[in-house]
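# Okay, predicted coordinates and the sequence, questions at the end:
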Amino acid sequence: MIKVYWLYIKHKFKVIISQDYYHQPQGVGKAFYPKELKGYFNDLTGKTNWEGEVDLEGIPVNVFMDGRKVYFITTIIQKALGHHDMWLLTKNQKEYEEFIKLSYWLVDKQDNEGGWKIGSLLGRESISKYSAMAQGEAISLLVRAWLKTYDNIFRTSAEKALRLLIKPIEDGGVCYFSDSDIFFEEAPTCPRNTILNGWMFALMGLYDYHLAFNNLEVKDLFIRTLSTLKKHLPDYDSGYWSYYDIRKHVSSAFYHNLHIAQLKAINMIEPDEVLSHYISKWSKYKESTLNRYRALLLKIYQKLKEPEQIVIMK
């Protein structure tokens, strides 16, 4: 038991200082071009270097601290997107084959609702089985697989994923509609506790779907949720660092940098003064040693006060 907790402490320390597989730096995508369906909007190429367990087909298997082995859909989607971008950058056929293999696996595991159940795996407080982040990233992967193969199985899967993504929370979906505002929920709760990075991953799924199929209704949803995001960015500003969610959990250094990179990519698509303001403001925050240590200490305190129920060890 002592060994298990020691491994947990080492793992959480690596997470906080962004030195584990899941929290590698993710700047603007290396093959990303605004208004073109090429590379992904943030850099997931590091996710191709999976060192954990795999099944007989080479699909990553996550191991939780309690010993359970599961397919964690976000791990697989991000790895596939990383291979796609590595193929664009290197033209290495093995990268392409891995991207396509994982894309077909994703289609095969999609349920009748159009999603991939994730809520119960992490033991998070959630009123939905699904996650807007996973749905959005899945759409981004599926439309790229469709564009490369023109296999309509990917288009159909993306359409199903989209329907669930834009389904209201009260109907079993992952988004809140409030007047003209649209919030996408990585971990749907009541009351709403929108996680910033997950919202932006979902937002980009909408954008990629529109790029692939020129769907003006989806473009309108993208513009509406982007307008909502710009209006609510102050909710994620502590005055010295960014917040992870609206319950004022301070971001780790990884998530603070991810927020900036995501905003930069979105700003490349839809240039806006509000986005530029927060990119500049949050970039300046991390230049301050005092701000970095203040955020780190608060993050450690919050982690100790609210320990996670379930932890992915690898």
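Okay, I see it. On a predicted model such as this, the values are computed, not experimentally measured, just so you know.

# quick one, strands of the stretch 51-200 of the chain?
In the stretch 51-200 of the chain, the strands defined using DSSP state E, counting those that start in this stretch lie at 53-54, 60-63, 69-70, 175-178, 181-184.

# Please identify the most buried of those.
strand 181-184 (a mean of 22; mean count of other CB atoms under 10 Å). Heads up, the C-betas are built off the backbone N, CA and C, glycines and all.

# tell me what that one is packed against?
With contacts defined as 3 or more CB pairs under 8 Å, 6 or more residues apart in numbering; DSSP states H and E, the packing partners of strand 181-184 are helix 132-149, strand 175-178, helix 196-213, helix 216-232.

# What average pLDDT does it get?
For strand 181-184, the mean pLDDT works out to 98.

# Name the residues that touch that strand?
132-133, 136, 165, 174-176, 192, 194, 198-199, 202-203, 221, 224-225, 227-228, 231-232 (CB atoms under 8 Å, 6 or more residues apart in numbering).

# before we move on, what about stretch 146-166?
The contact list for stretch 146-166 (CB under 8 Å, 6+ apart) reads 37, 96, 99-100, 103-104, 106-107, 110, 113-115, 130, 132, 135-136, 138-139, 142-143, 145, 173-175, 184, 202, 205-206, 209, 212-213, 218, 221.

# tell me the mean pLDDT over that stretch?
98.

# Name the residues of it that are buried.
Neighbour counts over stretch 146-166 (16 or more other CB atoms under 10 Å) mark 146, 154-155, 157-162, 164-166 as buried.

# Which of these sits closest to Asp237?
Leu165 (26.6 Å; CB to CB).

# That closest one and Asn92, how far apart?
31 Å (CB to CB, to the nearest Å).

# What of Ala187?
Remark: distance between Ala187 and Asn92 (CB to CB) = 35 Å.

# Low-confidence bits of this structure, can you list those?
Residues of the chain meeting the criterion pLDDT under 70: 1-19, 119-126, 308-314.

# Check the burial of Gln302 by counting its neighbours.
The local packing of Gln302 (other CB atoms under 10 Å) involves 15 other residues.

# Check for me that it belongs to a strand.
No - membership of Gln302 in a strand is not supported by DSSP: H, G, I helix; E, B strand; the rest coil, which gives helix.

# and the closest residue to it other than its chain neighbours, how many residues sit next to it?
Distance criterion CB to CB, 6 or more residues apart in numbering; nearest residue to Gln302, sequence neighbours excluded, is His249 at 5.7 Å. For His249, the neighbour count with other CB under 10 Å is 17.

# Verify the contact between His249 and Tyr301 for me.
No - applying CB atoms under 8 Å, one finds His249 not in contact with Tyr301, separated by 10.7 Å.

# Now do the same contact list for the residue nearest to Ala145 when sequence neighbours are not counted.
Of all residues not flanking Ala145 in the chain, Ser103 sits nearest, at 3.8 Å (CB to CB, 6+ apart). Listed by CB under 8 Å, 6+ apart, the contact set of Ser103 reads 80, 141-142, 144-145, 154.

# Please repeat the previous calculation with a cut-off of 6 Å.
The contact partners of Ser103, by CB atoms under 6 Å, 6 or more residues apart in numbering, come to 80, 141, 145.

# Likewise for Asp179?
Here Asp179 is in contact with no residue (CB under 6 Å, 6+ apart).

# which of the buried residues of stretch 146-166 lies closest to Ser283?
Using CB to CB, the buried residues of stretch 146-166 come closest to Ser283 at Leu165, 29.9 Å.

# From Glu51, how far out is that closest one?
The gap separating Leu165 from Glu51 is 31 Å, by CB to CB.

# The nearest residue to Thr225 once chain neighbours are set aside pairs with what?
Excluding the flanking residues, the one nearest Thr225 by CB to CB, 6+ apart is Ile182, at 4.1 Å. With DSSP bridges as the criterion, Ile182 is bridged to Phe177.

# residues near Ser227, how many?
Per other CB under 10 Å, the neighbour tally for Ser227 reads 16.

# on that earlier part again, most tightly surrounded among the helices and strands packed on strand 181-184?
Mean neighbour counts for these (mean count of other CB under 10 Å) peak at helix 132-149, with a mean of 26.

# thinking again about what came up before, any chance of CSV for the helices and strands packed on strand 181-184, columns distance to Gly27?
Listed next are those as CSV, based on distance: least, CB to CB, whole Å:
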stretch, distance to Gly27
helix 132-149, 17
strand 175-178, 27
helix 196-213, 14
helix 216-232, 20
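
# Between those, which one is closest to Tyr71.
Closest to Tyr71 of the helices and strands packed on strand 181-184 is helix 132-149 (CB to CB; 11.9 Å).

# report the angle between the axes of that closest one and helix 216-232?
If you take axes from the mean of the first three to the mean of the last three CA atoms, to 10 degrees, helix 132-149 sits at 140 degrees to helix 216-232.
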